[in-house]
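Novice: Dropping the sequence and predicted coords here.
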Amino acid sequence: MKFIDMHCDTPSFILDNRENSLKNSSGTVDIEKLKAGNAMIQFFAYFIELKKEKDPFAEFEAMYDNFQNQIKLNEEDIEVIKRFEDIKTIQDKGKIGCLYTIEEGGVLKGDMENLYKVYDKGIRGITLTWNFENSIGYPNCIKECSSKGLKNFGFELVEEMNNLGIIVDVSHLSDGGFYDVSRESTKPFVATHSNARAITNHSRNLTDDMIKILSEKGGVMGLNFCAPFLGGSKISRIQDMMLHLKHIKNVGGVDVIALGSDFDGIENKVEIKNASKMPVLAEELLRNGFNEDEIEKIFYKNALRVLKDVLA
């Protein structure tokens, strides 16, 4: 079965491990593994750790240039998506679709001109915050920030992202910020790599109320394979994934579920070892009472719907 994975950290992994390539990597996502897993589209996040960089935009550009070169070296197998219409064209060519995102809105440095610059580079999704306060808002990992909402630039940014056709991603964002986005965004928004807080009480996960709102707004949340967000074990177990997926389905319906592995950003062992093993998850869903139509929605149809609704 085809799949769309809404989050991996491969661009930073390859930049930090120069002996690796997009074609064949010691990490969990590369061309060969994506082919073996039957990937339709892989979201590639440009992750910048804000407090480590004097100029986060310059660091983004360096990472972008390095990964863009990898895309060009593998252009017979993978192609960047900039418009929704590109998806069919790329599929018809037998290629994997690549969708660029930024994980850390602080890269923009509070300057709307930088939003236009990253859009021109092909960025089609932005995770508004990571684990630090930035010009947009606050992270949910800092307890005293959880109720704080978007800053003025954050409200302006959500509006302009909607106008341009850039996906608004609320993973990592404060609870207060989530509710601001839910009120302000005129387009479906997403939590690319977040699970259910009712199953695992972690600040990175969504409450049942958030899941319901996300569903009502036509958005999706991508199942995160990272063990602390799944709970129950130091290893990311498929059985824990099933608990989250069943709960999310019961709360928000199957149409709100997608995949957001967080591959190449996970330090713990994962039973689904890499992108080539995604079919294992489909098989397990079938064994756990999900029908073929529901599995197709989780694997690619729900994410595809959001792309159709958001991309210009």
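Specialist: That came through, no problem.

Novice: quick one, helices of the stretch 51-200 of the chain?
Specialist: Taking DSSP state H, counting those that start in this stretch as the criterion, the stretch 51-200 of the chain carries its helices at 56-73, 84-92, 112-120, 152-164, 175-184.

Novice: Residue 284: which of those is closest?
Specialist: With distances scored as Cβ to Cβ, the stretch of these nearest to residue 284 is helix 84-92 (26.0 Å). (Each C-beta comes from the backbone N, C-alpha and C, glycine too.)

Novice: Return the set of buried residues in that closest one.
Specialist: Under the neighbour-count criterion of 16 or more other Cβ atoms under 10 Å, helix 84-92 has 84, 86-87, 90 buried.

Novice: Name the residues that touch stretch 250-258?
Specialist: Contacts to stretch 250-258, defined as Cβ atoms under 8 Å, 6 or more residues apart in numbering, come from residues 4, 6, 190, 196, 198, 208, 211-212, 214-215, 219-223, 245, 248-249, 290, 294, 297-298, 302-303, 305-306.

Novice: can you do 6 Å?
Specialist: The contact list for stretch 250-258 (Cβ atoms under 6 Å, 6 or more residues apart in numbering) reads 6, 208, 211-212, 214-215, 220, 222, 248, 294, 297-298, 302-303.

Novice: Could you do stretch 118-126 as well?
Specialist: 80, 82, 99-102, 105, 164, 166-167, 169.

Novice: Most neighbours among the residues you listed, please name it.
Specialist: Within the contacts of stretch 118-126, most neighbours by other Cβ atoms under 10 Å means residue 169, with 31 neighbours.

Novice: and that one, what does it touch?
Specialist: By Cβ under 6 Å, 6+ apart, the contact list for residue 169 reads 125, 127, 190, 192.

Novice: got TSV for these, with distance to residue 70 and neighbour count too?
Specialist: Below are the contacts of residue 169 laid out as TSV (distance: Cβ to Cβ, whole Å; neighbours: other Cβ atoms under 10 Å):
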residue	distance to residue 70	neighbour count
125	19	26
127	21	27
190	25	31
192	21	29
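
Novice: as a whole number, average confidence for stretch 135-151?
Specialist: Here stretch 135-151 scores 97 as its mean pLDDT.

Novice: now, which of the contacts of stretch 250-258 sits nearest residue 46?
Specialist: The shortest approach to residue 46 among these belongs to residue 6, at 14.3 Å (Cβ to Cβ).

Novice: what residues are up against the closest one?
Specialist: Here residue 6 is in contact with 43, 192, 222, 258, 260, 303 (Cβ under 6 Å, 6+ apart).

Novice: Relative to residue 151, which of those residues is nearest.
Specialist: The closest of the contacts of residue 6 to residue 151 turns out to be residue 192 (Cβ to Cβ; 21.3 Å).

Novice: how about CSV for the buried residues of helix 84-92, with pLDDT and distance to residue 24 added?
Specialist: Shown next, in CSV, are the buried residues of helix 84-92 (pLDDT from 0 to 100; distance: Cβ to Cβ, whole Å):
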residue, pLDDT, distance to residue 24
84, 98, 30
86, 98, 25
87, 98, 25
90, 98, 21
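
Novice: With distance to residue 174 added, can I get the residues you listed in TSV?
Specialist: Formatted as TSV, the buried residues of helix 84-92 follow (distance: Cβ to Cβ, whole Å):
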residue	distance to residue 174
84	30
86	33
87	32
90	35
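
Novice: Closest one to residue 232 out of those, please.
Specialist: Of all the buried residues of helix 84-92, residue 232 sits closest to residue 87, with 35.8 Å by Cβ to Cβ.

Novice: rewinding a little: could I have the buried ones of the contacts of stretch 250-258 as PyMOL selection syntax?
Specialist: Of the contacts of stretch 250-258, the buried ones go into a single PyMOL selection, burial set by 16+ other Cβ under 10 Å:
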select buried, resi 6+211+214+215+220+222+248+294+297+298+302+303
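
Novice: Mind checking which of the contacts of stretch 250-258 land in helices?
Specialist: The helices, defined by DSSP state H, take in 208, 211-212, 214-215, 248, 294, 302-303 from those.
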